[in-house]
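Asks: with the input below, show me the fold.
(chains A, B, C and D)
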Protein chains: 2
Amino acid sequence: MREGVINAPFSRVRPMNYELQQIKAFLKVVELESFQGAAEALNLSQPALSRRIKKLESILGTALLSRTTRSVSLTTVGRDFFPQAKRLVDEFDHALFNIRALAENRIGQITLACIPTAAFYFLPAVIREYNARYPNIRIRLLDLSANDGLEAVLSGEAEFGINMLSGHHPDILFTPLVVEPFVLVCRRDHPLANKDQVTWTELIQHKLIGVGKMSGNRMLLDHELSELANRPTWFYEVQHLSTSLGMVEVGLGVAAVPRLSMPDDEHPVLVQRPLVEPLVKRTLGMVRRRDSALSPAAERFVETLLRHWDKGSDDDTTAQVSTMD
Amino acid sequence: MREGVINAPFSRVRPMNYELQQIKAFLKVVELESFQGAAEALNLSQPALSRRIKKLESILGTALLSRTTRSVSLTTVGRDFFPQAKRLVDEFDHALFNIRALAENRIGQITLACIPTAAFYFLPAVIREYNARYPNIRIRLLDLSANDGLEAVLSGEAEFGINMLSGHHPDILFTPLVVEPFVLVCRRDHPLANKDQVTWTELIQHKLIGVGKMSGNRMLLDHELSELANRPTWFYEVQHLSTSLGMVEVGLGVAAVPRLSMPDDEHPVLVQRPLVEPLVKRTLGMVRRRDSALSPAAERFVETLLRHWDKGSDDDTTAQVSTMD
DNA sequence: TTAATTGATGCGTTTCATGCATATATGCGG
DNA sequence: CCGCATATATGCATGAAACGCATCAATTAA
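Replies: Numbers count the residues shown, from 1 in each chain, chains lettered A, B, ... in the order given. Predicted structure coming up:
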């Protein structure tokens, strides 16, 4: 059976199985005032077109076109129907065209929530490449704290995000991108700058600048260092890593920050040293909701992101940044 | 071949052959959040529905639904598409429904142009019957002179009309309904009232009330009497037959009018007498444009009209006015 | 772990729109 | 007035597409 009418008990209502092709055929015939011409325009044989129109008319229960071999004209009903049909078909085509444009990444918008570190230090390159490839897709970048960013993804405000691996939320899918160690940052003229590497315990003797208690980094460190006998305490507390770097720069103290937070290796004032015993690492990765699918535009972005980090990891292995694709 | 692609040279534009059934399937699935349920609602097997959606998605080049065996949810694109699709489909169904209502004479409007005689003396009964059968079809009755009525039909303002047979206009189709003689109308106390019949020549001796030169009746009479040796001249000239009857009633003169213009046989003041030598008759009938088809509502009206007059003509051979049913 | 439910897939079948050939109707020119 | 040219309608065989059935795969609940 072509169309199931399994369950048509005694309905006297005819089903109205009209189709867009029929209506488009009608419109074409009216516009060209010819079956022959419309058939060509529709890549259809003339008999086929005749039958399409006929079918539509039989569905409607009335003639739409008054045709002789010499002329085609609208009936009264057809005249009523034509403008409505034209408008609706146009709107439909327009809507579908837009959807396809969306699907083909010709237009669109993506919203992602990422932690400031990512926003500053490795998203820009990805965004540049993505934007070169899909110039008409707008990007809304929410640079939020780890907690807020996760919340944005959960609520759907952001389609996905870059975050650090923390408490495994059941609705969140985490794809690791990079593992980075915490390093010590201090001025070049600081005593610790002379050492090849520094232990956490050594930090006890220095003024340490840390981040607020609710920060993801702080929670991670508190957890990782909890088993350490003599663990350092924070003297200054700030909210953002960039602030702490600024404070280090003017000589207020030293800081323990993720490797990627450091602007680059050749900073005029600041240097970094590996922090060991223990080696504390954080894992950055992509987070997205487990159930809902990404928009095509977002999928393209994720692809770009992953491709970028595959490439990036090769010349970055010395800094023990590793990515798993 | 199912769809002619005779002429698709190297177009990279995909054809967008989406169909309403696919979109309606999508809407149903979203509404019921289930393929199984939607399939039942659409009287379709579940595999068939799965394939419909899949086809639509392949046309759009993107997934609209995110489905697992346990839940069905919208993708980002699908969420965009749903409200538009819903609105358009609803509007389409509404438009088509109205067209069908129109076709089935459940709603509609007809406009007809008819001469006053017809409007007064034989349309009311037709209209009553028609309205009883099709209560929701509005009737616009243009009671115009013969000339103006013909013009209204030609211009399309009226779908058809009731008129007298006159110059055969090439675009007009005339269907005769009734042939009626011209009769003399005078007061019961008028000398001519004593005669069984009156000749046109006799009228010379009386004050005759006629209608304006452009009237269809006047032109008909001028033409028919042109070969008469002694033909009467009009003393009074008015524009409407009803006016001339009024003037006869107060005793200003006598008038020659079509039989049907007389109110009825038992008028307290007026009587009619056959007018002979020659017997002048006019033919009333339906006029419509040759090319354009009538609306379904109008066709029903014409049917009623003709049925009415078929029946009527049988007991009307005596040249009496009869109202049928 | 198993049973049940839901969507996807393989496959044979049916349907129905199509193209070709041809009939039919209409207007124009001889 | 009649025949010809042109445009739509129809008969018929064909085949592509959509269908239903049976089954698979995946996920949840018990």
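
Asks: tell me the buried residues in stretch A:219-233?
Replies: Residues of stretch A:219-233 classed as buried by neighbour count (16 or more other CB atoms under 10 Å in any protein chain shown): A:219-221, A:224-225, A:232. Backbone N, C-alpha and C define where each C-beta goes, glycine included.

Asks: what's the end-to-end length of it?
Replies: 13 Å (CA to CA, to the nearest Å).

Asks: how about the residues of the stretch 201-325 of chain A by chain B?
Replies: Contact residues (CB under 8 Å from any CB of the partner chain) of the stretch 201-325 of chain A with chain B: A:291-296, A:298.

Asks: now the two most distant members of the residues you listed.
Replies: For these, the farthest-apart pair by CB to CB is A:Asp291 and A:Pro296; their separation is 17.6 Å.

Asks: circling back to that earlier point, what subset of the residues of the stretch 201-325 of chain A next to chain B is buried?
Replies: Neighbour-count burial (16+ other CB under 10 Å) applied to those gives A:292-296, A:298.

Asks: need those residues in a markdown table (columns: pLDDT, secondary structure and distance to B:Arg67).
Replies: Formatted as a markdown table, those follow (pLDDT from 0 to 100; DSSP: H, G, I helix; E, B strand; the rest coil; distance: CB to CB, whole Å):
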| residue | pLDDT | secondary structure | distance to B:Arg67 |
| --- | --- | --- | --- |
| A:Ser292 | 71 | coil | 12 |
| A:Ala293 | 76 | coil | 10 |
| A:Leu294 | 83 | coil | 15 |
| A:Ser295 | 85 | coil | 17 |
| A:Pro296 | 85 | helix | 17 |
| A:Ala298 | 90 | helix | 19 |
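
Asks: just the closest of the residues you listed to DNA strand C, please.
Replies: A:Ala293 (12.2 Å; CB to the nearest atom of the strand).

Asks: give the contact list for the closest residue to A:Ile204 other than its chain neighbours.
Replies: Closest residue to A:Ile204 apart from its sequence neighbours, by CB to CB, 6 or more residues apart in numbering or on different chains: A:Pro232 at 4.9 Å. Counting by CB atoms under 8 Å, 6 or more residues apart in numbering or on different chains, A:Pro232 touches A:200-201, A:203-204, A:206, A:208, A:225.

Asks: among the residues you listed, which one has the lowest pLDDT?
Replies: Checking pLDDT across the contacts of A:Pro232, the minimum falls on A:Leu225 at 82.

Asks: quick check, A:Glu40 in a helix?
Replies: Yes - applying DSSP: H, G, I helix; E, B strand; the rest coil, one finds A:Glu40 inside a helix.

Asks: the contacts of A:Pro232: which two are farthest apart?
Replies: Farthest pair in these (CB to CB) is A:His206 and A:Leu225. Separation: 15.4 Å.

Asks: confirm the residue nearest to A:Ile204 sits in a strand?
Replies: No - counting by three-state DSSP, one finds A:Pro232 to be coil, located in no strand.

Asks: what is the nearest of the buried ones among the residues of the stretch 201-325 of chain A next to chain B to A:Ala256?
Replies: A:Ala298 (33.7 Å).
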